[in-house]
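Engineer: Please find the sequence and the predicted model below.
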Amino acid sequence: MRIYLAVILSSLLIAGCGTQVTRMDVNETIDLSGNWNDTDSRLVAEEMITDVLSRPWISNFVSKKGHAPAVIVGSVRNLSHEHINVNTFVADMERALINSGRVEFVASSTERGEIREERKDQDLNSSEKTRNEAGKEVGADFMLKGQINTIVDVDGKEQVRYYQVDLTLISMADNRKVWLGQKKIKKLVENAKVRY
């Protein structure tokens, strides 16, 4: 009987220590560690999108060329002290800019390689009516590049984390920088155990 009771109590204790998952709104701000997180990524994307769409580079280009500018994403480098997935806010920016109807994006070099392989396969295996020919790609007018930098100031159990995201839009025709975007985020982190 004692063994049976011990097994039941052990099972209850183990069940009580299990993982608990709570679903929440993706726009809810939760900052557990003070590190870069989804809220920071969203804030950067929102501010950069608003800024890039409000600047004269688009209307200047359209008045000269008569069509929406085509943009390609170059490297956005993480030069910070922590791992940051830059693809989240870059993807948010691409989506918002494309959906604005004012900017077009062309495939990255990695994506183009895959598409070109498919085009070669179509050339051999698809009907004439449905085949997509090579040599009809749209070239990019501008390249979006950038970087993320951080400064961390630590004193005892407190630290200030400063993030600066800089994005640049560069003309492919003549290397002119037509837009410079910048977003700064500063956090005070107070921990019993400071992490770097």
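Structural biologist: Received the coordinates, thanks.
Engineer: make it CA atoms for all contacts and neighbour counts henceforth
Structural biologist: OK.
Engineer: Low-confidence regions, this structure specifically.
Structural biologist: By pLDDT under 70, the low-scoring segments of the chain are 1, 4-18, 192-196.
Engineer: Could I get the full set of strands for it?
Structural biologist: Along the chain, counting by DSSP state E, strands occupy 70-78, 104-105, 142-155, 158-171, 177-190.
Engineer: Nearest to Arg2 among the ones you listed would be which one?
Structural biologist: Among the strands of the chain, the nearest to Arg2 by Cα to Cα is strand 177-190 (47.5 Å).
Engineer: What helices and strands are in contact with the closest one?
Structural biologist: When contacts are defined as 3 or more Cα pairs under 8 Å, 6 or more residues apart in numbering; DSSP states H and E, strand 177-190 packs onto helix 38-54, strand 158-171.
Engineer: Point out the most buried one among the ones you listed.
Structural biologist: strand 158-171 (a mean of 19; mean count of other Cα atoms under 10 Å).
Engineer: how far off strand 70-78 does that strand point, in degrees?
Structural biologist: 150 degrees (axes from the mean of the first three to the mean of the last three Cα atoms, to 10 degrees).
Engineer: Give me the residues contacting strand 158-171.
Structural biologist: Strand 158-171 is touched from outside by 34, 44, 76, 80, 141-154, 176-191, 194, with contacts defined as Cα atoms under 8 Å, 6 or more residues apart in numbering.
Engineer: can you list the strands of the chain in JSON lines and add distance to Asp92?
Structural biologist: Shown next, in JSON lines, are the strands of the chain (distance: least, Cα to Cα, whole Å):
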{"stretch": "strand 70-78", "distance to Asp92": "12"}
{"stretch": "strand 104-105", "distance to Asp92": "13"}
{"stretch": "strand 142-155", "distance to Asp92": "14"}
{"stretch": "strand 158-171", "distance to Asp92": "14"}
{"stretch": "strand 177-190", "distance to Asp92": "15"}
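Engineer: Can you say which of those strands is nearest to Val52?
Structural biologist: strand 177-190 (7.0 Å).
Engineer: just the CA coordinates of that closest one, formatted as CSV?
Structural biologist: Taking C-alpha atoms only, strand 177-190 is exported to CSV below (Å, rounded to 0.1, in the frame of the first residue of the first chain):
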residue,chain,number,x,y,z
LYS,A,177,22.3,56.5,-51.3
VAL,A,178,18.7,57.7,-51.7
TRP,A,179,17.3,56.8,-48.2
LEU,A,180,18.9,56.4,-44.8
GLY,A,181,16.7,54.9,-42.1
GLN,A,182,17.5,54.7,-38.4
LYS,A,183,15.8,53.3,-35.4
LYS,A,184,17.1,53.4,-31.8
ILE,A,185,16.0,51.3,-28.9
LYS,A,186,17.2,51.7,-25.3
LYS,A,187,16.4,49.4,-22.4
LEU,A,188,17.2,49.4,-18.7
VAL,A,189,17.5,45.9,-17.5
GLU,A,190,17.6,45.2,-13.8
